[in-house]
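Engineer: Here is a sequence with its predicted model. Questions after.
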Amino acid sequence: MVTKRGELRIHLGAAPGVGKTFAMLGEARRRLDRGTDVVVGVVETHGRERTASLLEGLEVIPRRRVEHGASALEEMDLDAVLARNAEVVLVDELAHTNAPGSRNAKRWQDVEEMLDAGIDVISTVNVQHMESLGDVVHRITGARQRETVPDEVVRGAEQLELVDITPEALRRRLAHGNVYAAEKVDAALANYFQVPNLIALRELALLWVADEVDVALRRHRTDKKITDVWETRERVVVALTGGPESETVLRRATRIAKRAGQADLLAVHVLRGDGLVGAPIGATMAMRRLAEGVGATFHTAVGDGGADAVTTALLDFARGVNATQLVLGTSRRSRLARLFDPGIGARVVQESGPIDVHMVTHDSAGRALRLPVLRGGLPASRQSAGWVLAVLGPAVATLAGVLLRDVIGLSTDVVLFFLAAVVVAIVGGLGPALLAALLGGFGLNFFLTPPLYSLSINETGNLITVVTMLVVAVLVALVVDRAARRAEQAARARAEAALLASFARTVLTRTDPLPRLLEKVREAFGLRCAALLERAGDRTDLPGRAGWHLVAVSGPPDCLRPDEADVDVEVEPGLHLVGTGRSLPAADRRLLETVGGQALLALRSQRAAAEAESARHRAEVNETRGALLSAVGHDLRSPLTSIKAAAGSLRDPLLRLSGTDRAELLATVEESADRLTGLVDNLLDSSRLAAGAVHPLLAPIGYGEVAVRALDGVENAARVRVEIDEALPDVVADVGLLERVVANVVDNALRHGAGAPVALRASAHADRVELRVVDGGPGVPRHSRDGLFAAFQRLGDRDAAPGVGLGLSVARGLTTVMGGTLSAEDTPGGGLTVVVSMPSAGAVAEPEVIG
């Protein structure tokens, strides 16, 4: 009897502590309440009381002890589990590596044996342990995962449940001691459990599960033969022909996919099954490289026949992958060819159903908007065809009349010549129509009108017929010529409107529109150079200069004076829009004058923005100067008053002071002098940083040594606890500057920490070593973090607070100069933590994350 294989259910999490084991135990208790035989093979509670409480009432298989060197390890007893032969077994941490000497090297291999024995298994795993994601997780977190599980094992699970929690909630859970022991919390928060890391890991887990759900959906659609598009996920299919437009179409599809929220992008090339038409040699490999270059997958499909089969194959592929959008290029065929066959694009649009179709106009891709040239009525190609028809049409009508003389009469001959003249007028216009009418009149009179082979006309009616034919031909030709002119003028008007709209959009949407506007002018009018010149004497900011000043230019700057230009448009007195390369007709000059007005608007807008920026800078300087005078005045006055009062008391001969009193007064003088020294040092450092005059002398130094030196000069240093592990690597920094940074940050924490104790803690992460100054004070709102490091910024802008607000500003500047970073974050439980991150002087052991 063949044993039915058991089912595997996996709880997947983004990181340790999200609640995978808790969810697994909750599922076990629900099954136990339903009467299912459930046992615990192995569950790791990691000392979490709430998790351990869920084990009560569940049968736990005793673990086996494995001797390994001088220590004894406990592992799941696989033989006991198999012998127990329960319906469901709980196996925590699927990626776990078994102790040496075990039957299997990995715990997931133990699970495979249980499944083969017909036992259902519920297990847990973190996304960081997925074999295919190891390198990605390492780049994100800096932690190399030594325990992994093959993706196929997880994909083979009958049920996959994502256990999700927000990064902020996970960090709170960690800070409350619900994940790791208290001594590990700070290092975990500072390294692996940083918010950006958790966001990235969460996205990996969500996307991995979404991909598996998508695979299951595709399997279901295939099994049930469902061809309707289910818009569960944005998928963009781009059709590539291998022609010159392929790159343009693919890049457009890439932008569409990104705007749709990082949708899947699939490139497909449809091969003709008849082999008559195909892509150029080597085009398939080129298309594959293009697709891979933009992150798309490349596919080929085969159509069984002609163009209809290509359309069918393309739509079948799009529906098969459940695509929501289809991108393809417009046809390269001529308009005449499209009159007889609308092409693949038109058929795809008609038959696409719920799939959105984007047609990319690749012929004009990458080109600027150009104006059509006004011509006299019909284009030259039609006029040439008209002259040919003017000769052939009457000749064919004459030949038909001569050969069919016994069958048709003169009235029919006249109709034939009328038809030839009208066709020539429609095709070629006035000149060919006149020629056709004259030749037709001659042929009708000479060959078909009695007396034959003579130019004389016996009957007045025949003369009227010939003259009428000439008049009709001329009138039709005039109508056709006028219609062609109106169509040409309408096309030009549309092009001018589109061009002016494009120019206006450039002026209104760009912060520096002049260069782009001139580039569009140069491309639209076919100029080699387009420039805006201003007479230097008219500029108030260029006193004493003569000649012309180049405001902006597109192309080679070979036109520096209006009289040297091929095109010169005066925008206003002293301001000219010029161009070189060719002269412009009057119609284009009128349009260029309008563009000149837009250039003037752009120039004025640009200068107004520059003036506004200059005014804003002056206002900031004045505000900074006022803040500096206010802060420095307060902070200078207080210590100077103390020094003066103490010195006066010491010098007063009438005042008898004891030794203790004299010592206190001298201490007051020293303390006030120290405050003045710190103030002056901060001001000087701020000035040196602004001038770029700080040059650090980098050398290895330990945070512990720096902290001791920094605290020597800090007031109320007794409230600071130093909890720095001496085994941490040294950092590369300037010893004096780093000491100033730490002193300023600690002093800020003591001043604004509402009397709460301050702790100094350090941890290593990847190639950085971080020092965290932690206080339990009121903290700083998230939206105020950036202003925290601005010069002359004090908490809440309280004037009564001591200090000029330069401490953190100087600290960040000095840290940046040394190649480090200074940032602020919330202290779990309340308060502010300032993080000093510096490069490590040596290799940092990669942390291993458990859970």
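Structural biologist: Yep, that arrived.
Engineer: neighbours around the closest residue to residue 260 other than its chain neighbours, how many?
Structural biologist: Spatially, and ignoring its direct neighbours in sequence, residue 260 is nearest to residue 234 (4.3 Å; C-beta to C-beta, 6 or more residues apart in numbering). Every residue, glycine included, has its C-beta placed from N, CA and C. Look at residue 234: counted by other C-beta atoms under 10 Å, it has 17 neighbours.
Engineer: Show the contacting residues for residue 234.
Structural biologist: 257, 260-261, 263-264, 324-325 (C-beta atoms under 8 Å, 6 or more residues apart in numbering).
Engineer: per-residue pLDDT, it?
Structural biologist: pLDDT, residue 234: 82.
Engineer: now do residue 762
Structural biologist: Listed pLDDT for residue 762 reads 90.
Engineer: who does it bridge with?
Structural biologist: Taking DSSP bridges as the rule, residue 762 bridges to residue 771.
Engineer: Run a quick check on it versus residue 769, I expect a contact.
Structural biologist: Yes - using C-beta atoms under 8 Å, residue 762 is in contact with residue 769, at 6.4 Å.
Engineer: so what sits against both of these two?
Structural biologist: 703, 728.
Engineer: Low-confidence ranges, the stretch 201-350 of the chain, go.
Structural biologist: Scanning the stretch 201-350 of the chain for pLDDT under 70 picks out the ranges 220-222, 227-232, 261-262, 272-282, 304-307, 332-341.
Engineer: Output the contacts of residue 234 in JSON lines; the columns should cover neighbour count, secondary structure and distance to residue 316.
Structural biologist: Listed next are the contacts of residue 234 as JSON lines, based on neighbours: other C-beta atoms under 10 Å; DSSP: H, G, I helix; E, B strand; the rest coil; distance: C-beta to C-beta, whole Å:
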{"residue": "257", "neighbour count": "24", "secondary structure": "helix", "distance to residue 316": "21"}
{"residue": "260", "neighbour count": "16", "secondary structure": "coil", "distance to residue 316": "22"}
{"residue": "261", "neighbour count": "8", "secondary structure": "coil", "distance to residue 316": "26"}
{"residue": "263", "neighbour count": "18", "secondary structure": "coil", "distance to residue 316": "20"}
{"residue": "264", "neighbour count": "20", "secondary structure": "strand", "distance to residue 316": "18"}
{"residue": "324", "neighbour count": "21", "secondary structure": "coil", "distance to residue 316": "16"}
{"residue": "325", "neighbour count": "22", "secondary structure": "strand", "distance to residue 316": "16"}
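Engineer: out of those, who's nearest residue 652?
Structural biologist: residue 261 (78.9 Å; C-beta to C-beta).
Engineer: phi, psi of residue 118?
Structural biologist: phi 90, psi 20 (degrees, to the nearest 10).
Engineer: On the pLDDT front, check it for me.
Structural biologist: pLDDT, residue 118: 94.
Engineer: quick one on the thing from earlier: tell me which of the contacts of residue 234 is nearest to residue 149?
Structural biologist: Looking across the contacts of residue 234 and measuring by C-beta to C-beta, the closest to residue 149 is residue 264, at 25.8 Å.
Engineer: Leaving out the residues flanking it, which one is nearest to the closest one?
Structural biologist: residue 235 (4.5 Å).
Engineer: where does that neighbour fall, phi/psi-wise?
Structural biologist: According to degrees, to the nearest 10, residue 235 has phi -130, psi 130.
Engineer: what's the burial count for residue 92?
Structural biologist: Residue 92 has 24 nearby residues by other C-beta under 10 Å.
Engineer: Kindly report the same for residue 309.
Structural biologist: 16.
Engineer: Could you grab the helix/strand/coil label for it?
Structural biologist: helix (DSSP: H, G, I helix; E, B strand; the rest coil).
Engineer: Surely it touches residue 303?
Structural biologist: Yes - Residue 309 sits in contact with residue 303 when judged by C-beta under 8 Å, with a separation of 3.6 Å.
Engineer: Now name the helix or strand holding the residue nearest the centre of the chain.
Structural biologist: Taking C-alpha atoms, centre = their mean, the centroid of the chain lies closest to residue 258, which sits 7.5 Å from it. Using DSSP states H and E, the element containing residue 258 is helix 246-259.
Engineer: quick one: buried residues of that helix?
Structural biologist: By 16 or more other C-beta atoms under 10 Å, the buried positions in helix 246-259 come out as 246-254, 256-257.
Engineer: what are the C-alpha coordinates of it, in PDB please?
Structural biologist: Output in PDB follows, covering the C-alpha atoms of helix 246-259 (Å, rounded to 0.1, in the frame of the first residue of the first chain):
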ATOM      1  CA  SER A 246      12.300  48.200 -31.800                       C
ATOM      2  CA  GLU A 247      14.500  50.100 -29.300                       C
ATOM      3  CA  THR A 248      12.100  53.100 -29.300                       C
ATOM      4  CA  VAL A 249       9.100  50.900 -28.800                       C
ATOM      5  CA  LEU A 250      10.800  48.900 -26.000                       C
ATOM      6  CA  ARG A 251      11.900  52.000 -24.100                       C
ATOM      7  CA  ARG A 252       8.400  53.500 -24.300                       C
ATOM      8  CA  ALA A 253       7.000  50.200 -23.000                       C
ATOM      9  CA  THR A 254       9.600  50.300 -20.100                       C
ATOM     10  CA  ARG A 255       8.300  53.800 -19.100                       C
ATOM     11  CA  ILE A 256       4.700  52.600 -19.200                       C
ATOM     12  CA  ALA A 257       5.600  49.600 -17.000                       C
ATOM     13  CA  LYS A 258       7.300  51.900 -14.500                       C
ATOM     14  CA  ARG A 259       4.400  54.300 -14.300                       C
END
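Engineer: Cheers, nothing more for now.
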